[in-house]
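>>> here are the coordinates; sequence isn't available:
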């Protein structure tokens, strides 16, 4: 069985409160984007995991696909072993949620393949145990998210009539450090209200709270945003805590963007 986990971008990101449990409350709109990994499972005599594509840092045994399997195995002792094949095309540590998507899609795949009969609410609970933005990939439609990112309400946002350009400079931004430099607070206007307005108004109102400190630390990321606006993007922003920046352009925009050869650049039509 093969599925193709997609990534996401954040349309606005406000960190509203530091919680007693050490997490942060936020508000954002998660929007699915069609850059995809490939994930395959095959029934086997023992559990195995193979990677290809973009390099994945760290211990592969910590991969969320394996963690998703182990999570279900605790409650479903008869869950068969599988060979897991993951081909990475989504840059890691880029604010795109690729690892979270892989873990969430693994849950959905195991549920369907082995007829575990888990409902969507049950899958959402499992996904939250993997990570704060994993539940979004169970629903995988545009959602206004609050809490840690697990409280999801579908929203009517459709960017299919536009070009979206994603640029990742290969810079690693520490999410922990990015959070530590923030001063949480409630925004004057909710992202849920801003997102309902014409895209032409987003530039002045739809903000990512991580940008200020990340841009100061990594001017190259800020420069990407400047280049996208110089190319007449309607809206441009960093996604998540970085380092990917995206721009939304009119569908007939003629783009002549130049970035260093080592940058990951993808235009979605």
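Structure's in. What do you need? Keep in mind that what you see is a predicted model, and the values were worked out from it rather than measured. Residues are numbered from 1 along each chain as shown.
>>> doesn't residue 14 make contact with residue 25?
No. With contact taken as Cβ atoms under 8 Å, residue 25 and residue 14 are classed as non-touching, separated by 9.4 Å. Using the backbone N, CA and C atoms, a C-beta is placed for each residue, glycine as well.
>>> More neighbours: these two, which one.
Legend: neighbour count by other Cβ atoms under 10 Å for residue 25 and residue 14, higher for residue 14 (21 against 17).
>>> That one belongs to a helix?
No. Secondary structure of residue 14 (DSSP: H, G, I helix; E, B strand; the rest coil): strand, not part of a helix.
>>> That one: what's it in contact with?
Residue 14 makes contacts with 26, 27, 28, 186, 187, 191, 207, 209, as judged by Cβ atoms under 8 Å, 6 or more residues apart in numbering.
>>> which residue packs closest to the fifth one, ignoring adjacent ones?
The one in question is residue 187. Nearest non-adjacent residue to residue 187, counting by Cβ to Cβ, 6 or more residues apart in numbering: residue 14, 4.8 Å away.
>>> and the one you found, how far is that from residue 190?
Going from residue 14 to residue 190 by Cβ to Cβ, to the nearest Å gives 8 Å.
>>> got any residues that touch both of those two?
residue 27.
>>> before we move on, the earlier item: residue 194 versus the residue nearest to residue 187, what's the distance?
Residue 14 is 10 Å from residue 194, by Cβ to Cβ.
>>> List the contacts of stretch 253-269.
For stretch 253-269, using Cβ under 8 Å, 6+ apart, the contacting residues are 33-35, 91, 94, 163-170, 224, 227-228, 231-232, 244, 249, 251.
>>> now, which of these lie within strands?
33, 34, 35, 163, 164, 165, 166, 167, 168, 249 (DSSP state E).
>>> out of these, which is most surrounded?
Most surrounded of the ones in strands among the contacts of stretch 253-269: other Cβ under 10 Å gives residue 168, at 26 neighbours.
>>> For the stretch 101-250 of the chain, just list every one of the helices.
Under the criterion DSSP state H, counting those that start in this stretch, helices of the stretch 101-250 of the chain are mapped to 120-130, 134-139, 175-180, 191-194, 202-205, 211-217, 219-230.
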